[in-house]
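let me see the structure of the following:
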Amino acid sequence: MKALVLIKQSDPFHSFETRELPKPRPKAGEVLIKVAASGLNFADVMARKGLYKEAPPLPSVLGYDVSGTIEELGEGVTRFQIGDRVTAMTRFGGYAEYAATNASAVALIPSQMDNATATALTTQYCTAYYAAAEMVQLHAGDKVLVQSGAGGVGTALIQYARYKGCEIFATAGSQDKMDYLRSIGVDHPIQYTLQDFEKMVMEITNGEGVDAIFDAVGGSSVKKGFRSLAAGGRIVCYGAADMSDKNLFGKINAALGFGFYHPAMLMTPSKSIIGINMLRIADHKPAMIQKCLESVISLSTEGVFTPLIGKIFKATEIGLAHEYLEKRKSMGKVVVSWE
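Residues are numbered from 1 along each chain as shown. Predicted structure coming up:
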């Protein structure tokens, strides 16, 4: 099979090599998927640059989510049949024509759903659902801030917050992304390149702050976000994009920018900081991943979740795809097609 192999930690155009690799065989409890589309996530960019410690050693095949057709069932798998169209999380290995993964990280997709949309629903929408439904449990009337609102996870969080009847704040860096945020129901779009989100949040809420913040940026964004929380507020951190384009000095400053927190700093104002790593959840709580996947597919069929596909690249254009994602040109999901 063909696979896009990460051979070195470099720029988008010199990091990957297309190689012929043996087709994986599903172990007990796994399925083998003939991949139609591989999804890209910002964690892929971090892994390519050597900033994601969970990534396998080089040479390796990245990729957290795929959609396609089940070709083979491992021992003990009874939930699926050969030929089923599915979307799935992969613990790496998704940038290939075939991928094997645990059956608990797989979900059937409706016949009318295209492969790119199915891929978009997997890692990004499951992350959003886990954050907003399982870890925070949003309620009607909550004030919610979504950082990087025009991205895949950001879009999913906004759609879920709107479904729950929240008042939504969201940040983006360009005018076209601001327009996009308004189009999907954001009440208070904030252009972070021109406006200070902490100042805007506190002005709009008359100094009270917001009830929940979802942060994929990291660094000083978390510290400012913590100050922007109302009593009982929660900030959920699921990324560190702010560290991706800095030199070593910049990475150290970004890491320090998160701030240092003592339990008393959380108890006194009754605020919470929550960290999410979906790989760890998949490793240790497969039933939770299955629940999230099935919930996401269900909410999609109900029209709550409607993924935006930012751009579809051919597998031979993996460098262009990574550049597009890294430079934050995308709104929604970036996908690589094998068809």
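
mind checking the pLDDT average for stretch 156-167?
Averaging pLDDT along stretch 156-167 gives 98.

which other residues reach it?
124-125, 127-129, 131-133, 138-144, 146, 149, 168, 170, 181, 184-188, 214, 299, 304-307 (C-beta atoms under 8 Å, 6 or more residues apart in numbering). From N, CA and C alone the C-beta is placed, and that goes for glycine too.

kindly report the same for stretch 203-211.
Residues contacting stretch 203-211 (C-beta under 8 Å, 6+ apart): 142-145, 169, 188, 201-202, 227-230, 232-234.

do that again at 6 Å, thanks
Judged by C-beta atoms under 6 Å, 6 or more residues apart in numbering, the contacts made with stretch 203-211 from elsewhere in the structure are 142-143, 145, 188, 201, 228-230, 233.

before we move on, what about stretch 75-82?
With C-beta under 6 Å, 6+ apart as the test, stretch 75-82 has contacts from 28-29, 31, 70, 103.

want to try TSV for these, with distance to residue 50 and neighbour count as columns?
Putting these into TSV (distance: C-beta to C-beta, whole Å; neighbours: other C-beta atoms under 10 Å) gives the following:
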residue	distance to residue 50	neighbour count
28	33	9
29	31	15
31	31	24
70	34	22
103	32	22
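
on that earlier part again, inside helices: which ones of the contacts of stretch 156-167?
In helices, judged by DSSP state H, the following of the contacts of stretch 156-167 are found: 124-125, 127-129, 181, 299.

out of those, which one has the weakest pLDDT?
Least confident entry in those, by pLDDT: residue 124, with 92.

where does the nearest residue to that one once chain neighbours are set aside fall, phi/psi-wise?
Distances taken as C-beta to C-beta, 6 or more residues apart in numbering place residue 152 nearest to residue 124, at 3.8 Å, with adjacent residues excluded. Backbone torsions for residue 152, taken as degrees, to the nearest 10, come to phi -60, psi -50.

then residue 55?
Dihedral angles (degrees, to the nearest 10) for residue 55: phi -70, psi 150.

how many residues are close by the closest residue to it other than its chain neighbours?
What sits nearest to residue 55 in space, not counting adjacent residues and going by C-beta to C-beta, 6+ apart, is residue 47, at 3.8 Å. The local packing of residue 47 (other C-beta atoms under 10 Å) involves 23 other residues.

ok, back up a step: taking the contacts of stretch 203-211 one by one, which sit in strands?
By the criterion of DSSP state E, membership of the contacts of stretch 203-211 in strands covers 143, 145, 188, 229-230, 233.

including distance to residue 97, pLDDT and neighbour count, could those residues go into JSON lines?
Rendered in JSON lines, the data for the ones in strands among the contacts of stretch 203-211 read as follows (distance: C-beta to C-beta, whole Å; pLDDT from 0 to 100; neighbours: other C-beta atoms under 10 Å):
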{"residue": "143", "distance to residue 97": "45", "pLDDT": "98", "neighbour count": "24"}
{"residue": "145", "distance to residue 97": "40", "pLDDT": "98", "neighbour count": "31"}
{"residue": "188", "distance to residue 97": "44", "pLDDT": "98", "neighbour count": "20"}
{"residue": "229", "distance to residue 97": "45", "pLDDT": "97", "neighbour count": "24"}
{"residue": "230", "distance to residue 97": "49", "pLDDT": "97", "neighbour count": "19"}
{"residue": "233", "distance to residue 97": "45", "pLDDT": "96", "neighbour count": "23"}
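
ok so, going back, now, which of the contacts of stretch 203-211 sits nearest residue 60?
Proximity to residue 60 was ranked across the contacts of stretch 203-211 by C-beta to C-beta; first place goes to residue 145, at 35.0 Å.

element containing the residue nearest to residue 55, please.
For residue 47, the enclosing helix or strand under DSSP states H and E is helix 42-48.

so what secondary structure elements neighbour that helix?
In terms of contacts (3 or more C-beta pairs under 6 Å, 6 or more residues apart in numbering; DSSP states H and E), helix 42-48 is packed against no helix or strand at all.

now do it, average pLDDT.
Helix 42-48 shows an average pLDDT of 92 in the prediction.

downstream neighbour of it in the secondary structure list?
With elements assigned by DSSP H and E, the helix or strand that comes after helix 42-48 is strand 65-73.

quick check: beta-bridge partners of residue 87?
With beta bridges defined as DSSP bridges, residue 87 has these partners: residue 67, residue 107.

heads up, I number from 19, so please use that
Sure, I'll start numbering at 19, so the last one becomes residue 105.

quick check: it touching residue 138?
No: counting by C-beta atoms under 6 Å, residue 105 sits too far from residue 138 to count as a contact (8.8 Å).

what about this structure, any weak spots by pLDDT?
With pLDDT under 70 as the threshold, the chain has low-confidence stretches at 258-280, 282.

tell me how far the residue nearest to the spatial centre of it lies from residue 281.
Per C-alpha atoms, centre = their mean, the C-alpha nearest to the average position across the chain is that of residue 142, at 3.4 Å. To residue 281, residue 142 is 32 Å away according to C-beta to C-beta, to the nearest Å.

can you check residue 301 too?
On the measure of C-beta to C-beta, residue 301 and residue 281 end up 27 Å apart.

who's more crowded, these two?
More neighbours sit around residue 301 than around the other of residue 301 and residue 281, counting by other C-beta under 10 Å; the figures are 13 against 7.

thanks again, I'm all set now.
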